[in-house]
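1. just to be clear, the model below is a prediction. Sequence and coordinates:
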Amino acid sequence: MSDQNTNRAGLTEEELQELVASSDAGARDPGGAVALLIAAVAVAWSVFQVLLASPLANYIFPGDIINNSRQIHLAFAIFLAFLAYPAFRSSPRKFVPIHDWVMALLGAFIALYGLFFYEKIVQSGGLADDTDKWFALAGLILLFEGARRALGPAMAIIATIFLMYVFFGSGNWVPEVIRWKGASLQKAMSHMWITSEGVFGIALGVSTKFVFLFVLFGALLEKAGAGNYFIKMAFGALGHLRGGPAKAAVLGSAATGLISGSSIANVVTTGTFTIPLMKRVGFTSEKAGAVEVASSVNGQIMPPVMGAAAFLMVEYVGISYVEVITHAFLPAAISYIALVYIVHLEAVKQNMPTLGDRVVSLGRTIGGMAAFFIGFAALCYGIQYPVGWITALVPEGAGWILSALLILAYLALLWFAAQAPDLQPDDPNSEDVRLPEIGEIYRTGLYFLLPIVVLVYFLMIEQKSPGLSAFWATMLLFVILLTQRPLKAMFRGESDLASRVKWGVMDLIQGLIDGARNMIGIGLATATAGVIVGTVTLTGVGQVMADLVEFLSGGNLILMLIMVGVLSLILGMGLPTTANYIVVSSLMAAVVVELGAQSGLIVPLIAVHLFVFYFGIMADVTPPVGLASFAAAAVSGGDAIRTGFTAFFYSLRTVVLPFFFIFNTNLLLIDVTWVQGIVTFVVATAAILIFTAGTMGWFVTKNRIYESMALILIAFALFRPGFFMDQIQPPFRMIEPANLAQALEEASPGEELRIVVSGPDFDTGEITETTLVLPVERDAPGEELLDEFGLTLVPLETGEVSFEEPMFGTPFSETFLNFDFYADRPMTIDSVKAPADQLPKELMFIPALLLLGLVALLQRARLPRRPDETEVPA
């Protein structure tokens, strides 16, 4: 195909952009004055969000605007949704029907109801009156319709079911296990629309404060040209290797995922170039599309800029964003390493040719990439020292000096970039494919790293809020978009500066429009998910779901985790990642933690939320509704369902990793030293590569069934060496409950004792048990340590040991809220476990690696001895 704007599937560039627009930004393009109005509203929304995140927000906006910023955020989203998204496929695309205008204006007005009647609502204590409840109900209906248009029917249907449960959950026809007392329309609407428990809850607040700025940051960085630069750098680094286009697709998508909030846009942006090249070297249409999908959707888990769900974790888990991305880093990194290995094995199995005629050492390539990432990390970390010196020397003017130095660095890098021609998109269908030379192109986009450095510096070093960090990075992008074209022209001695200035202004405006339109779906998703969260808090259905899942799983944590994962996958067939995460985490996160405690496993809350998040990102992959798979199939010309299933198979590592970090929290870098962190990274990387070799059916050569099983067993042993060591030497020794105080006194600081307690459930009266962890932080008398934990022991005549209800504010006061301390059957301590002397669990690596060596020897013995035989070693 000679036309470079048309791919192998026959879709033009315009059609591909329409595909992205229809899912991310709205398929309607009315033109004329209406188009200008939509663009103006989008720009206004972006400007409002930028000013809201600025340090001057309290001086720019009155208090009512700031207090009701969530309402304003939703008003923009609803208004743009009805103008940008047609109601049905048959609805007009070139103009906005009158009923859509009515719904857009009415939806925006009702979203702003809390702002217009702020004083009345404050005086009523958030309780809706007869007028309020009807406006709130109309607002919910319009919200659901907007969500249906922007996100598909699944989100609106699920939210409607939850809302119906609020009204009709008290009916006799409802199974008794999930029946509740019901709520009046007035009470329900107060909860869902007037207060901050429902639509205007945490999820919409996170969308308002954090997510918008990061989506806008990505849109502006893409508009500046960073996406094309990252893709070319990836191809320059990896394109010459066997299966190089696929490896470059993985690296390019990982880099693009840092700046793109949409996996679908990521697929189309990188896929239009990578997929045809993958097909050229031997990948089928479905496998080429699947590689692009698997790498694109994982962009959401790659720190430092993760998907919207990461910001929700900050609020739901109660930790800083720095901690979230620290915990998420290792699984994300090894997941991408495994994907590179997957495509390498595909290339080896099919003996694919290399692309181009350049021969470069694999070791030098890997070394160069490692040096770049280490150097970039060192730059982000080391910049704090000169900043600290300047701040100490000139405390009053440090901000101005640092800003001037940043601008000087930008000017120097831009001058450096101007010495080479601007990068142009390549034609992947050209007869002669010339891979980019890193040495020639690296200089052209080094200044794109400056906003990322600023973002990482404020997030990780200064530990500012995500919103403020994104604000300063976005401000630098404003400068780059406005000045890069005219300054390059000036450095090159070109004369048409006026037109370059105009282009820069248009780039900035288009970036503001793209950022706002990309936020429509996220804004509506978080608002609609608020109805589901509000239902959980109003009805207590979360506890019912906990009891139901516990019953179905039989108290088995593994089975329960599988059920949570399956629930996420099922919901992922119709919900976007963010909505999927909100729904499942709201229902199941606390349940997993509670059941883990009952099973004797202390599961950190962040581990559970990341577990749900990892399964949530499969929303764009899972057939039959994975939109990223459909987008990739549209580019590749392959079958969408087969592409989706292949992408799901390639994403098995994303499905397996959460199970491992639930049971081995070292993978999340929880309470580990630097040395432990490095060892964990090396071992986990080896484990995921071995697991990949087992599931792909190829290691040194093609696996036999028992070899694949052995490789998966080896990977399990590397991920969870403690499982096997516990079978050899128990990790705990049992102590009589009556000797708990003595055991605490004898324990060394840093050790943890575990006690299993049981007692009647407050609601059902049934006997349930849970596990408490008692960390010993200092040497002290045992009774004193028990007092600090809030545990007052009471010996019983039966020889058992009971304890009184912990006082409010003590460490375990909330743990026992669901237990009845005044029932006939007292709360008792059933067992006490103290750490036992155990050999290091890492010793289990030795037999695992010996078994790996045996598999390698067996496979090497089968390698072809003649060069004309077909099997090719990895």
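-> That came in fine, so what should we check first?
2. burial measure for residue 330, as a count.
-> For residue 330, the neighbour count with other CB atoms under 10 Å is 22. Bear in mind the C-beta positions are built from the backbone N, C-alpha and C, glycine included.
3. what's the distance between residue 62 and residue 669?
-> Distance of residue 62 to residue 669, given as CB to CB, to the nearest Å: 43 Å.
4. these two: which has the busier surroundings?
-> Each of residue 62 and residue 669 has its neighbours counted (other CB under 10 Å); residue 669 has more, 21 against 8.
5. quick one: pLDDT of the more buried one?
-> For residue 669, the model assigns a pLDDT of 89.
6. and if you look at residue 15?
-> The model's pLDDT for residue 15 equals 56.
7. find the residue closest to residue 553 in space, skipping its chain neighbours.
-> For residue 553, ignoring the flanking residues on the chain, the nearest one in space by CB to CB, 6 or more residues apart in numbering is residue 560 at 3.9 Å.
8. dump the residue contacts of the one you found.
-> Shown in contact with residue 560 (CB atoms under 8 Å, 6 or more residues apart in numbering): 549-550, 553, 591-592, 595.
9. go again using 6 Å as the cut-off
-> By CB atoms under 6 Å, 6 or more residues apart in numbering, the residues touching residue 560 are 549, 553, 595.
10. buried ones in the host helix or strand of it?
-> Taking DSSP states H and E as the criterion, residue 560 maps to helix 557-572. If you call a residue buried by 16 or more other CB atoms under 10 Å, then helix 557-572 has these buried ones: 557, 560-561, 564-565, 567-569, 571-572.
11. tell me the one of the residues you listed nearest residue 216?
-> residue 572 (25.9 Å; CB to CB).
12. which parts of the stretch 351-500 of the chain are strands?
-> Ranges of strands in the stretch 351-500 of the chain, per DSSP state E, counting those that start in this stretch: none exist.
13. do the same with the chain
-> Using DSSP state E, the strands of the chain run over 732-735, 752-760, 767-775, 793-795, 801-803, 828-835.
14. do I have it right that residue 813 meets residue 806?
-> Yes: using CB atoms under 6 Å, residue 813 is in contact with residue 806, at 4.7 Å.
15. residue 393 and residue 147, how far apart?
-> 53 Å.
16. neighbour count winner among these two?
-> More crowded of residue 393 and residue 147, by other CB under 10 Å: residue 147, with 30 against 10.
17. find me the pLDDT at the more buried one, would you?
-> 90.
18. what of residue 44?
-> 96.
19. same thing with residue 694?
-> 93.
20. care to break the protein down by domain?
-> 205-494, 732-837 (automatic domain parsing).
21. and the ones you listed, which is most packed in?
-> Comparing the domains of the chain by mean neighbour count (mean count of other CB atoms under 10 Å), domain 205-494 comes out on top with a mean of 20.
22. show the end-to-end separation of it, please.
-> The first residue of domain 205-494 is 47 Å away from its last residue (CA to CA, to the nearest Å).
23. rewinding a little: mind putting the domains of the chain into JSON lines with mean pLDDT and distance to residue 541?
-> Below are the domains of the chain laid out as JSON lines (pLDDT from 0 to 100; distance: least, CB to CB, whole Å):
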{"stretch": "domain 205-494", "mean pLDDT": "81", "distance to residue 541": "17"}
{"stretch": "domain 732-837", "mean pLDDT": "87", "distance to residue 541": "14"}
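24. so which of the strands of the chain is nearest residue 579?
-> Checking those against residue 579 by CB to CB gives strand 767-775 as the closest, at 31.3 Å.
25. what angle separates that closest one from strand 752-760?
-> 160 degrees (axes from the mean of the first three to the mean of the last three CA atoms, to 10 degrees).
26. run the angle between strand 767-775 and strand 828-835 for me.
-> Using the same axes, to 10 degrees: strand 767-775 against strand 828-835 is 40 degrees.
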